[in-house]
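**Student:** A predicted structure for the sequence below; I have some questions about it.
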Amino acid sequence: MTPAIVQAFASEQHSPSASLYLLLDPLADCAEGDPLHLEALRHTLGTDALTRLRRPDLDHTPHACPVLVTLATAAIKPSERLLSLSALRAKEDESRSKRYVCGWLSSAAIAATVSTHLIELGQLPLPAGKQFSPVYEPLRLELLAATLKRGEIGSWWPIHHWLFPTSSGASSLLVGQPDTGIAFGLRATAVQQDAALVSSLLSTWRHACRLSLTYAPGRWRGPTLLPPQAAAQAYKQILQARQMGLVNQQDIVTLALHTLMLHSRLHEHIDVRRFIEKAVRNEMSLATQFTALNDQSWQRIVSELTLAGAHP
């Protein structure tokens, strides 16, 4: 995420006849002296430029609810300074679990309508009833979008374009279209229920990629913190660990991380299967068992998987 990306979004994806919004989450820290602090923005843009989202689970603490900031309207151009500052803050928050800048949205709808839609978007179905999830949070939004099949459009409208920071350190663009967005189903709800565990795995994965490991053939070496669709990859690993019978979250993260750093089919090796089975029986944690292995042991395991035809 860079100022250039956000500036390009404002100039290319945002229609001059629409309004441009910045979505901020007060649950993430923001220093009082920061130009992006809500009070600073109130002073710069005026009280009418700030619209609270009525998050149902935070009715008792409205000051903790997210805020939709109107950066531009048909008559007012956006501040390049605020666009750049918001992009830099998004970059700064790349490795944090709570992100202050949740995204930039372009819509012809007024702020009250957009804020209501963002809350309605989070009302996901249960077998009986609904459950609210703050899907406007970047990680949750990334996971929600990942539940769509190729070619499907989510129910983003009346948001025309929605730029948000992703867990990889890059950004993604959602495009809304009237009367074409699909409603999210039970699968989306299930994915959202694992958002905290996905966040934990992503944090551990980023940390591991920064370490000077002597043997990590699967380590991501691209220009961003993590590979594209990192959140979806993390969720896939969590599901795979559960299919192996693991229920302890530390065991799940341990297997997932080693799979991401060593070999995508690590769980198929006979030795690793034995370790997993011991963890499933609660005899010994997976982390304790894996710690006993050195680089030579892991190299042997990966080599045997490769010889057996298991593609990394």
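**Tutor:** In hand now; what should we look at?

**Student:** which regions of the protein lie under the pLDDT threshold?
**Tutor:** Applying pLDDT under 70 to the chain flags the ranges 309-312.

**Student:** pretty sure residue 164 is touching residue 102, no?
**Tutor:** Yes: if you go by Cβ atoms under 8 Å, residue 164 and residue 102 touch, sitting 6.5 Å apart. C-beta: built from backbone N, CA, C; applies to glycine.

**Student:** just the CA trace of stretch 111-129, in PDB.
**Tutor:** Provided in PDB are the C-alpha atoms of stretch 111-129 (Å, rounded to 0.1, in the frame of the first residue of the first chain):
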ATOM      1  CA  ALA A 111     -22.700   8.700   3.900                       C
ATOM      2  CA  ALA A 112     -25.700   7.600   6.000                       C
ATOM      3  CA  THR A 113     -26.700   5.100   3.300                       C
ATOM      4  CA  VAL A 114     -23.200   3.800   2.900                       C
ATOM      5  CA  SER A 115     -22.700   3.400   6.600                       C
ATOM      6  CA  THR A 116     -26.000   1.500   7.000                       C
ATOM      7  CA  HIS A 117     -25.000  -0.800   4.100                       C
ATOM      8  CA  LEU A 118     -21.700  -1.600   5.700                       C
ATOM      9  CA  ILE A 119     -23.500  -2.800   8.800                       C
ATOM     10  CA  GLU A 120     -26.100  -4.700   6.800                       C
ATOM     11  CA  LEU A 121     -23.200  -6.400   4.900                       C
ATOM     12  CA  GLY A 122     -22.000  -7.800   8.200                       C
ATOM     13  CA  GLN A 123     -25.300  -9.400   9.100                       C
ATOM     14  CA  LEU A 124     -24.300 -12.900   8.000                       C
ATOM     15  CA  PRO A 125     -26.700 -15.900   8.100                       C
ATOM     16  CA  LEU A 126     -26.800 -18.700  10.700                       C
ATOM     17  CA  PRO A 127     -28.800 -21.900  10.400                       C
ATOM     18  CA  ALA A 128     -31.400 -20.000  12.500                       C
ATOM     19  CA  GLY A 129     -31.200 -16.200  12.400                       C
END
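
**Student:** for it, buried residues please.
**Tutor:** 111, 114-119, 121-122, 124 (16 or more other Cβ atoms under 10 Å).

**Student:** filter those down to the ones in helices?
**Tutor:** 111, 114-119, 121 (DSSP state H).

**Student:** please, where are all the helices along the stretch 201-312 of the chain?
**Tutor:** Here the stretch 201-312 of the chain has its helices, by DSSP state H, counting those that start in this stretch, at 230-243, 249-261, 270-280, 286-291, 295-307.

**Student:** residue 211 is nearest to which of the ones you listed?
**Tutor:** Closest of those to residue 211 is helix 249-261, at 9.6 Å (criterion: Cβ to Cβ).

**Student:** who's the spatially closest residue to residue 73 that is not a sequence neighbour bridged to?
**Tutor:** In this structure, residue 73 finds its nearest non-sequential neighbour in residue 19, 5.0 Å apart by Cβ to Cβ, 6 or more residues apart in numbering. Following DSSP bridges, residue 19 is listed with bridge partners residue 107.

**Student:** thought residue 113 was touching residue 19, still the case?
**Tutor:** No: Residue 19 is not in contact with residue 113 according to Cβ under 8 Å; the separation is 10.3 Å.

**Student:** spit out the residues that contact these two alike.
**Tutor:** By Cβ atoms under 8 Å, 6 or more residues apart in numbering, residue 19 and residue 113 have these common neighbours: residue 107.

**Student:** so who does residue 186 touch?
**Tutor:** Residues near residue 186 by Cβ under 8 Å, 6+ apart: 125-127.

**Student:** rerun that using 6 Å as the cut-off
**Tutor:** Going by Cβ atoms under 6 Å, 6 or more residues apart in numbering, residue 186 touches residue 125.

**Student:** any idea how far residue 99 is from it?
**Tutor:** Separation of residue 186 from residue 99 (Cβ to Cβ, to the nearest Å): 27 Å.

**Student:** picking up where we left off before, so the residue nearest to residue 73 touches residue 75, yeah?
**Tutor:** No: at 10.1 Å, residue 19 does not count as touching residue 75 under the criterion of Cβ atoms under 6 Å.

**Student:** no further questions, thank you.
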